[in-house]
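Undergrad: have a look at this fold, sequence not included:
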């Protein structure tokens, strides 16, 4: 088995007689001029060992490709293979622009070195969407690596992969040493010191769940939302808003551990958190942080009188809001005199 390091001039650790760097190996497989001008990857220190795909030689007698870490992928190189776990798979959605229209779906993958977003368009949607399952591991080869558009992709990686007609995706039975998901969880107590619209990862015990509420979206279609209350060992709690199918399917009856990756921080009602299109909502995920939080809550956390960063929000207001019905305002002749007064009215 050949073992190598990422393409930052680090020498490959190899068997006797094999002293090439992984950078040379990759450059030999891609356009030499493009590779020489490509900038280093955006994840310093994320180098990881590379291995051969355990498939032996193909019918043509050619050697199987070297598996490289996600952190080593850079634009202009297409002759590569990565081994990664699917952590999130979005539904198929339409796209359109002045050049045409079609369909797409994207998914996110992770290996020991980092994560990256992958997008398929049109024919590649039909080819790969039925194959991929969240949580499964795959060998992915020969996609197009490009700089990501942060307007649509909130991944920490500055690059994304676009599947091509020559792309190959093959299931991998060996999922050892691959993380289930890569998260950078922030203690809930830290959220009050962060900025509005910051993208965060948060995990906590679901203490309570609001009823499912229905509303009309800007598109005119009927949609659903649900607020849940998460607490952690920092002694603080925060309201998290789930949308659509995530809100409809959520079951908080047994106080599960809930992790939300790439949620948006809001200042609505104090501090609150909202899932967005690119968020991954995981219930009782099989990760060390969730197991540890479960033990803590069962042993002592359930008795903790924690403080919420989110105010009570009846129909969108705070706990100290003075609520009046329209009939109350008319009966009490509020606003008829010289003294200015203001009240909050909830409409259904």
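TA: Arrived safely. In this text the structure is predicted, and so the values were computed from the model without any measurement.

Undergrad: burial check on the nearest residue in space to residue 209 that is not next to it in sequence, number of neighbours?
TA: In space, and not counting its chain neighbours, residue 209 is closest to residue 252: 3.6 Å by C-beta to C-beta, 6 or more residues apart in numbering. Where you see a C-beta, it was placed from the backbone N, CA and C, and this is true even at glycine. Applying other C-beta atoms under 10 Å, we find 18 other residues in the vicinity of residue 252.

Undergrad: ok, residue 76 next?
TA: 16.

Undergrad: over to it. Which of the three states is it?
TA: Classification of residue 76 using DSSP: H, G, I helix; E, B strand; the rest coil returns coil.

Undergrad: confidence score at it?
TA: For residue 76, the pLDDT comes out at 85.

Undergrad: please apply the same query to residue 232.
TA: Residue 232 carries a pLDDT score of 95 in this model.

Undergrad: wait, it sits on residue 293?
TA: Yes - counting by C-beta atoms under 8 Å, residue 293 is a contact partner of residue 232 at 6.6 Å.

Undergrad: give me the common contacts of those two.
TA: 203-205 (C-beta atoms under 8 Å, 6 or more residues apart in numbering).

Undergrad: which residues does residue 226 bridge with?
TA: residue 242 (DSSP bridges).

Undergrad: how much space between it and residue 139?
TA: 38 Å (C-beta to C-beta, to the nearest Å).

Undergrad: swap in residue 265?
TA: Plainly put, residue 265 is 37 Å away from residue 139 if you go by C-beta to C-beta.

Undergrad: kindly report the same for residue 179.
TA: 17 Å.

Undergrad: compare those two (neighbour count), which wins?
TA: residue 139 (19 against 15).

Undergrad: please identify which helix or strand holds the residue nearest to that one when sequence neighbours are not counted.
TA: Spatial nearest neighbour of residue 139, chain neighbours left out: residue 170 (4.6 Å); criterion: C-beta to C-beta, 6+ apart. Taking DSSP states H and E as the criterion, residue 170 maps to strand 168-172.

Undergrad: in that strand, what counts as buried?
TA: Within strand 168-172, the residues scored as buried using 16 or more other C-beta atoms under 10 Å are 169, 172.

Undergrad: repeat for stretch 66-86
TA: 66-78, 80-86.

Undergrad: mind checking the end-to-end distance for that stretch?
TA: The distance separating the two terminal residues of stretch 66-86, taken as C-alpha to C-alpha, to the nearest Å, comes to 20 Å.

Undergrad: which pLDDT does the model give residue 301?
TA: Reported pLDDT for residue 301: 92.

Undergrad: measure it to residue 200 for me?
TA: Taken as C-beta to C-beta, the span from residue 301 to residue 200 is 21 Å.

Undergrad: do the same with residue 280
TA: The value you get for residue 280 to residue 200, if C-beta to C-beta is used, is 13 Å.

Undergrad: show me whatever sits in contact with both of those two.
TA: residue 262.

Undergrad: pull the contacting residues for the residue nearest to residue 209.
TA: 206, 208-209, 228, 258.

Undergrad: quote the end-to-end distance of stretch 180-190.
TA: Terminal residues of stretch 180-190 lie 25 Å apart, using C-alpha to C-alpha.

Undergrad: equivalent analysis for stretch 214-229, please.
TA: Start-to-end span of stretch 214-229 (C-alpha to C-alpha) is 19 Å.

Undergrad: please apply the same query to stretch 74-86.
TA: 20 Å.

Undergrad: for stretch 267-282, same thing?
TA: Its first and final residues considered, stretch 267-282 spans 23 Å by C-alpha to C-alpha.

Undergrad: break the protein down into its structural domains.
TA: Listed domain ranges for the chain are 22-172, 188-311, 315-348 (source: automatic domain parsing).

Undergrad: quick one on the thing from earlier: looking at the buried residues of stretch 66-86, which are in strands?
TA: Those of these mapping onto strands are 81-86, per DSSP state E.

Undergrad: what about residue 292, which SS state?
TA: helix.

Undergrad: what's around it, how many residues?
TA: By the criterion of other C-beta under 10 Å, residue 292 has 13 neighbours.

Undergrad: next up, the contacts around it.
TA: By C-beta under 8 Å, 6+ apart, residue 292 lies in contact with nothing.
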